[in-house]
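Undergrad: How does the following fold in three dimensions:
(chains A and B)
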Amino acid sequence: MATFTPQRSTEIRDVLVEYVHDHPVRHRRPAMGAALVLTGVLVGAGVSAGAFAASTLLWPGPQQPTGQPAPHLPGSVPAPAGVIPGSPLIVLVGQPITQTFNTQTTVSLADRPESATHARVTLVPAGTTAVAVTLSFGTDPNGNNPSTSWTASDITSGANLTTSYDFPLDATVSTLYLTPSALDWVVTIQYVTQVPTDFGVNAHGQSYGVSGDPRGEPDLIAVGATNGRQGYVYRTELDAANGTTAAEGFKTPEDAVKWQEAHSGDVRRLPVYESDGETQIGEFHVGG
Amino acid sequence: MIVSDSSDEAVWDRVGSGDARAFGLIWDRHADRVLTHLLASGHQRADAEELAATAFLELWRRRSAVRFVDGSVLPWLIVTARNVARNAVRAQRRYGRLLSQLTAPDPASDPADDVADRDATARLLRETIRTAKPVDGDLLAMTALEGFSLRDAAAGVGLTEAAARSRLSRFRTQLRSTLTTEARIEGGA
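TA: Just a heads-up that it's a prediction; the model follows:
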């Protein structure tokens, strides 16, 4: 039998172990058949609206789902005033790169600052149109990338087409793939370092912060209330209202469908609190 | 090398629960076998080493799809290595930056030592397997080159044993006729 030299074997082994370490198994929420409608906004970690399909926006999963690039993040720091605990601090590194395109285009991300953990990609339409528009952009060469689309009536009614997303960077990422239709676009790439912040802990020992963090979910999850204020809902109440708790008992997809049918049309109103978990400041609506 | 009595599946569970170092044990157990298979399939040493490393990266990337045969991941790894070799360009682009961290392979190794045999029939066999339907080639390579039982080979490629038997039988007939024709041509008759 052919063999690797011991040195070569150790070298590859080290690369593999490091890769596995950097791409751990992530435990995701049980998948539901369809997304529920939320009134109010879950405050996500560094995710900008527009870039993802509705279900992802309404239900942000872990920031780096299985199979996604996993950057080496710096150690976490306490969240400074004005930053929702758990959401990252953004440090811009290097100068932004700008390019105009109107056909399928690739932009190299290979020459980037060492400390960059994400590429902040912002897409702004460079013109107007009266037809439907789609745009797909991302770093997966196999095309598994976010895409977004607007109908002609979205556009005539003045929809904002500007779109942005922070793509995680690791050794597997070297190119940004852009597939537009119907419009000229200006893409701006700004490398950033995302510094994670710690969840806060209130006087009752409950953690509070943003949902969707790879470290887990806090006891109190940051949301935007229907009155526009930012506060927190209890994770247990949210899980009960959105079916996560019920989903743990589901054995088959039919169980999930039955649960959804039984609860379709319900609107569950959850109290939104300050970070103390006691002072109510608004409501968060699930379902409907 | 770490020696352990536990099955690959048990080691895999440890990796899944966050023990990345246990993945090194899977590498220690099967790296040479995968390398040997790739060399026997006609790849040069430097390519075979990189393809073997890539197969293990794929093993982790496609972790939710991994199948164990009697607790062993080897059949799955061999099939993955063959897939990686078929899609080498795509796989190596995915892991290009990772693989570029490796030093260049030892230039002193003699490629002649690496190829299982240089016999014309074996070359023809490899060529026929290479151009066959992937699943047929995989089945034949697993049983004829690697010595897996038909049951284990079938599990490795995700077929029932009956389906694998019928595919393999058809492919062997085709192969036999190719080899006979070639032999006649070479013999000048």
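
Undergrad: C-alpha from now on. contacts and neighbour counts both.
TA: Will do.

Undergrad: neighbouring contacts of the strand ranked longest in chain A?
TA: Counting residues, the longest strand found in chain A (DSSP state E) is strand A:185-195. For strand A:185-195, the external contacting residues (CA atoms under 8 Å, 6 or more residues apart in numbering or on different chains) are A:73-77, A:88-102, A:112-113, A:115-127.

Undergrad: Output the below-cut-off pLDDT ranges for chain B.
TA: B:1-5, B:89-94, B:96-97, B:101, B:103-122, B:181-189 (pLDDT under 70).

Undergrad: Just to check, residue A:156 is in contact with residue A:132?
TA: No: here residue A:156 does not reach residue A:132: they are 9.9 Å apart, not a contact under CA atoms under 8 Å.

Undergrad: Next secondary structure after whichever strand or helix holds residue B:23?
TA: Using DSSP states H and E, residue B:23 sits in helix B:21-40. On the C-terminal side of helix B:21-40, the nearest following helix or strand under DSSP H and E is helix B:45-61.

Undergrad: tilt between that next one and helix B:21-40?
TA: Angle, helix B:45-61 to helix B:21-40, by axes from the mean of the first three to the mean of the last three CA atoms, to 10 degrees: 140 degrees.

Undergrad: Which positions within helix B:45-61 qualify as buried?
TA: By neighbour count on 16 or more other CA atoms under 10 Å in any protein chain shown, the buried set for helix B:45-61 is B:45, B:47-61.

Undergrad: How far does stretch B:56-69 sit from its chain's centre?
TA: 14 Å (CA atoms, centre = their mean, to the nearest Å).

Undergrad: CA atoms of that stretch as PDB?
TA: The C-alpha trace of stretch B:56-69 is given here as PDB (Å, rounded to 0.1, in the frame of the first residue of the first chain):
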ATOM      1  CA  PHE B  56     -11.400  14.500   3.600                       C
ATOM      2  CA  LEU B  57     -12.400  18.100   3.300                       C
ATOM      3  CA  GLU B  58     -15.400  17.000   1.400                       C
ATOM      4  CA  LEU B  59     -16.100  14.400   4.000                       C
ATOM      5  CA  TRP B  60     -16.500  17.200   6.500                       C
ATOM      6  CA  ARG B  61     -18.300  19.600   4.200                       C
ATOM      7  CA  ARG B  62     -20.900  16.900   3.300                       C
ATOM      8  CA  ARG B  63     -21.000  15.600   6.800                       C
ATOM      9  CA  SER B  64     -24.800  15.300   6.900                       C
ATOM     10  CA  ALA B  65     -24.700  12.900   3.900                       C
ATOM     11  CA  VAL B  66     -22.000  10.600   5.200                       C
ATOM     12  CA  ARG B  67     -22.900   6.900   5.200                       C
ATOM     13  CA  PHE B  68     -21.200   4.300   7.400                       C
ATOM     14  CA  VAL B  69     -21.000   0.700   6.400                       C
END
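
Undergrad: pLDDT value on residue A:48, please?
TA: With respect to pLDDT, residue A:48 scores 33.

Undergrad: near chain A too, which of the buried residues of helix B:45-61?
TA: Checking the buried residues of helix B:45-61 against chain A by CA under 8 Å from any CA of the partner chain, the ones in range are B:49, B:53, B:56-57, B:60-61.

Undergrad: still on that earlier bit, out of the contacts of strand A:185-195, list just those in helices.
TA: Counting by DSSP state H, no part of the contacts of strand A:185-195 is found in helices.

Undergrad: Can you tell me which of these are buried?
TA: For the contacts of strand A:185-195, a burial check counting by 16+ other CA under 10 Å picks out A:88-89, A:92-93, A:101-102, A:112, A:115-125.

Undergrad: sorry, back to before: and residue A:156 and residue A:132? Which one has more around it.
TA: residue A:132 (16 against 13; other CA atoms under 10 Å in any protein chain shown).

Undergrad: about what we covered before: pLDDT averaged over the longest strand of chain A, what's the number?
TA: For strand A:185-195, mean pLDDT is 91.

Undergrad: for the helix or strand just after it, packing partners?
TA: Downstream of strand A:185-195, the first helix or strand assigned by DSSP H and E is strand A:200-201. Strand A:200-201 sits against strand A:207-209, with contacts defined as 3 or more CA pairs under 8 Å, 6 or more residues apart in numbering or on different chains; DSSP states H and E.

Undergrad: the helices in chain A, which residues?
TA: With DSSP H as the criterion, chain A has helices spanning A:6-22, A:54-58, A:152-156, A:235-242, A:244-247, A:253-263.

Undergrad: Show me the contact partners of the first one.
TA: For helix A:6-22, the surrounding residues in contact (CA under 8 Å, 6+ apart) are A:70-72, B:18-21, B:23-24, B:27-28, B:31, B:53, B:56-57, B:60, B:98, B:102, B:105.

Undergrad: buried residues in it?
TA: For helix A:6-22, by 16+ other CA under 10 Å, it's A:8-10, A:12-13, A:15-17, A:19-21.

Undergrad: Please apply the same query to the fourth one.
TA: Residues of helix A:235-242 classed as buried under the neighbour-count rule (16+ other CA under 10 Å) are A:235, A:237-238, A:241-242.

Undergrad: cool, and the third one?
TA: Under the neighbour-count criterion of 16+ other CA under 10 Å, helix A:152-156 has A:154-155 buried.

Undergrad: How far off centre is that helix?
TA: 26 Å.

Undergrad: average pLDDT across that helix?
TA: 76.

Undergrad: Then the first one?
TA: When the per-residue pLDDT values of helix A:6-22 are averaged, the result is 88.

Undergrad: What is the burial count for residue A:23?
TA: A count of nearby residues for residue A:23, using other CA under 10 Å, gives 21.

Undergrad: if you skip the residues just before and after it, what's nearest to it?
TA: residue A:70 (6.2 Å; CA to CA, 6 or more residues apart in numbering or on different chains).

Undergrad: Was I right to think the one you found contacts residue A:172?
TA: No: in this structure, residue A:70 is not within contact of residue A:172 by CA under 8 Å, at 9.1 Å.

Undergrad: who's more crowded, these two?
TA: The residue with more neighbours, out of residue A:70 and residue A:172, is residue A:70; 24 against 20, by other CA under 10 Å.
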